[in-house]
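Novice: Only the shape, not the letters, is given here:
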């Protein structure tokens, strides 16, 4: 059983399915459905129709260079029937299809990376330019959103304060008179080591 490829959209055309057209010069055109046959008779270019494989490959939406695609190439080489060879071939076909599906998923994820962020930015720009078309917000909803925004700002301020407190460490020391002295510790105690080394070199000189 041989599975042909549709001449127009490159989909698989199974035996006893689709349409076969033989031109006067004995060239055979196989189509998977009447849609492809009609577009072929109308002399349309498959590279300009978005639902064909030719367009998707030209637009960078399909894998072009991959080792699994080489196995789908047509080979007219007669091979003597062997049960073991047939079993290995079927298992290899299943494994190759799994690898190809996984690689296609990875290719799709890489191609669609960052698309969500672009959609969000486009939606924000649309709201900014056509905000007058949006329905009016209730006062309670507006107050709730304002309170949520204030809560987020307060939490960010608290985080900044905690960071500043951690950066500025203070050292408390009690004197003999019972007074308390507060000394701020340096964040980088090794900052002045270079000056001390320079001074030591000057002394030795």
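Specialist: Cool, the structure landed. Model, not experiment: these values are computed from the prediction.
Novice: Reduced to three states, what does the spatially most central residue of the chain come out as?
Specialist: Closest residue to the average C-alpha location of the chain: residue 113 at 2.4 Å, with C-alpha atoms, centre = their mean. Classification of residue 113 into helix, strand or coil gives coil, according to DSSP: H, G, I helix; E, B strand; the rest coil.
Novice: Report pLDDT for it.
Specialist: In the predicted model, residue 113 carries a pLDDT score of 89.
Novice: Spatially nearest residue to residue 36, not counting backbone neighbours?
Specialist: Nearest in space to residue 36, with sequence neighbours left out and distances taken as C-beta to C-beta, 6 or more residues apart in numbering, is residue 8 at 3.8 Å. All C-beta atoms are positioned from the backbone trio N, CA, C, and that covers glycine.
Novice: for residue 100, same thing?
Specialist: Across the structure, with C-beta to C-beta, 6+ apart as the measure, the residue nearest residue 100 apart from its sequence neighbours is residue 68 (4.3 Å).
Novice: correct me, but that neighbour touches residue 101?
Specialist: No - using C-beta atoms under 8 Å, residue 68 is not in contact with residue 101; the gap is 9.4 Å.
Novice: host element of residue 99?
Specialist: Per DSSP states H and E, residue 99 falls inside helix 83-111.
Novice: What is the subsequent helix or strand relative to that helix?
Specialist: helix 115-129.
Novice: chain center to that next one, what's the gap?
Specialist: Centroid displacement of helix 115-129 relative to its chain, using C-alpha atoms, centre = their mean, to the nearest Å, is 18 Å.
Novice: Other residues contacting that helix?
Specialist: residue 134 (C-beta atoms under 8 Å, 6 or more residues apart in numbering).
Novice: repeat for stretch 72-84
Specialist: Residues external to stretch 72-84 that are found in contact with it (C-beta under 8 Å, 6+ apart): residue 85.
Novice: how long is that stretch from one end to the other?
Specialist: Using C-alpha to C-alpha, to the nearest Å, the end-to-end distance of stretch 72-84 comes out at 21 Å.
Novice: How far off centre is it?
Specialist: 39 Å.
Novice: what does stretch 112-130 give?
Specialist: Relative to the mean C-alpha coordinate of its chain, stretch 112-130 is positioned 16 Å out (C-alpha atoms, centre = their mean).
Novice: so is residue 15 in a helix, a strand, or just coil?
Specialist: Following three-state DSSP, residue 15 is assigned to coil.
Novice: Can you verify my assumption that it contacts residue 2?
Specialist: Yes - in this structure, residue 15 sits in contact with residue 2. The criterion is C-beta under 8 Å, and the distance is 7.2 Å.
Novice: picking that back up, buried sites along the helix holding residue 99?
Specialist: Of the residues in helix 83-111, those buried by neighbour count under the rule 16 or more other C-beta atoms under 10 Å are 96, 100.
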